[in-house]
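>>> Sequence unavailable; structure follows:
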Ligand SMILES: [Zn+2]
């Protein structure tokens, strides 16, 4: 990397939010998967836009430098768990480089970033199945920004423990409800006279509270905020129930019941 580009990068590096630094609210760019978990995230944005091989490598190197800076700046390790993030796009060689650069540090947890950015299920599977088993087994493994049911299943079976995703609430706001058989677009006219709950097997505030698809459609059509709220609550509970069933499948070492109850786990 030449001196000129290094200078430009240094300027880009300067305002980076430093995980763990006492920089006040917003110092951590991304909420972690639980209280006290901080993740240095700036490298994710760089790689999300990186298509060409050279830029992927640059982004990996930049992420590695930021991780080093985060570790040196970390002042509250007892309160905030600093996760390293493995980058590299869909290039497994770059992933290996980033795995080595990230895992050389003994950290409370490790994340896989730069997936679910439009590469498709098969590429996501390829990257996650490559990276997850190579992360330290004794530390939580966190897949960032995922996702749909079948992506979650692939990741869990590869060894991932933690997830975050906007999908349940973003789709909820738009009136798209997740069910074990696939999504329902509740604004659709076919739900105008449908008295059923979103999912008869769900115990959320919408399904368990007696709100019909028809009434939810009315709320959404009328612009009543209760509609997006209820669908979002349902979607969150949907993924919670799904992950609980995956946990049971792991404990029982029996996946057939999961696949029978959740056809979306294999859909696509
Ligand atoms: Zn529900």
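Ah, there it is. What you are looking at is a predicted structure, and each value in this text was computed from that prediction instead of being measured.
>>> Could I get the buried residue list for the longest helix seen in the chain?
If you go by DSSP state H, the chain has its longest helix at helix 226-252. Within helix 226-252, the residues that count as buried by 16 or more other Cβ atoms under 10 Å are 227-239, 241-242, 245-246, 249. In short, each C-beta sits where N, CA and C put it, glycine included.
>>> got it, and stretch 92-103?
Applying 16+ other Cβ under 10 Å to stretch 92-103 flags 94-95, 97-99, 101-103 as buried.
>>> elements contacting the following helix or strand past the longest helix of the chain?
Toward the C-terminus, helix 226-252 is succeeded by helix 256-261 as the next helix or strand (DSSP states H and E). With contacts defined as 3 or more Cβ pairs under 8 Å, 6 or more residues apart in numbering; DSSP states H and E, the packing partners of helix 256-261 are helix 226-252.
>>> Show me what the helix it packs on packs onto, helices and strands only.
helix 149-158, helix 167-173, strand 176-177, helix 213-221, helix 256-261.
>>> so does it get close to the ion?
Yes. Counting by Cβ under 5 Å from the ion, the ion is contacted by helix 226-252 at residue 234.
>>> can you give me the end-to-end distance of stretch 208-222?
22 Å (Cα to Cα, to the nearest Å).
>>> Identify the residues contacting the nearest residue to residue 255 once chain neighbours are set aside.
Setting aside the residues directly before and after it, residue 255 is nearest to residue 249 in space (Cβ to Cβ, 6 or more residues apart in numbering), at 5.0 Å. Residues in contact with residue 249 (Cβ atoms under 8 Å, 6 or more residues apart in numbering) are 255, 257-258.
>>> By neighbour count, which of those wins?
Among these, residue 258 has the most neighbours (other Cβ atoms under 10 Å), with 18 neighbours.
>>> now the residue nearest the centre of the chain, nearest residue through space, not along the chain?
Here the mean C-alpha position of the chain is nearest to the C-alpha of residue 145 (Cα atoms, centre = their mean), at a distance of 2.4 Å. Nearest residue to residue 145, sequence neighbours excluded (Cβ to Cβ, 6+ apart): residue 116, at 4.7 Å.
>>> I'd guessed that neighbour sits against residue 150; true?
No. Counting by Cβ atoms under 8 Å, residue 150 is not a contact partner of residue 116; they are 12.0 Å apart.
>>> With neighbour numbers in mind, choose between these two.
Higher neighbour count among residue 116 and residue 150: residue 116, with 22 against 17, using other Cβ under 10 Å.
>>> Please dump the contacts of residue 249 into TSV; it should also carry pLDDT for every row.
What follows is the contacts of residue 249, written out as TSV (pLDDT from 0 to 100):
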residue	pLDDT
255	94
257	94
258	96
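>>> As a markdown table, these with distance to the ion would be great.
Formatted as a markdown table, the contacts of residue 249 follow (distance: Cβ to the ion, whole Å):
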| residue | distance to the ion |
| --- | --- |
| 255 | 24 |
| 257 | 20 |
| 258 | 19 |
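>>> Let me know the closest of those to residue 166.
Among these, residue 258 lies closest to residue 166 (Cβ to Cβ), at 24.5 Å.
>>> hey, where'd the helices end up in the stretch 1-150 of the chain?
All helices of the stretch 1-150 of the chain, identified by DSSP state H, counting those that start in this stretch, fall at 3-13, 42-48, 53-73, 92-103, 121-131, 149-158.
>>> what would these look like in TSV with mean pLDDT and distance to residue 190?
Shown next, in TSV, are the helices of the stretch 1-150 of the chain (pLDDT from 0 to 100; distance: least, Cβ to Cβ, whole Å):
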stretch	mean pLDDT	distance to residue 190
helix 3-13	40	50
helix 42-48	29	36
helix 53-73	83	44
helix 92-103	94	44
helix 121-131	96	28
helix 149-158	97	23
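>>> To the ion, which of those helices lies closest?
Nearest of those to the ion, taken as Cβ to the ion: helix 149-158 at 15.0 Å.
>>> Compute the number of surrounding residues for the residue nearest to residue 193 when sequence neighbours are not counted.
What sits nearest to residue 193 in space, not counting adjacent residues and going by Cβ to Cβ, 6+ apart, is residue 214, at 5.7 Å. The local packing of residue 214 (other Cβ under 10 Å) involves 14 other residues.
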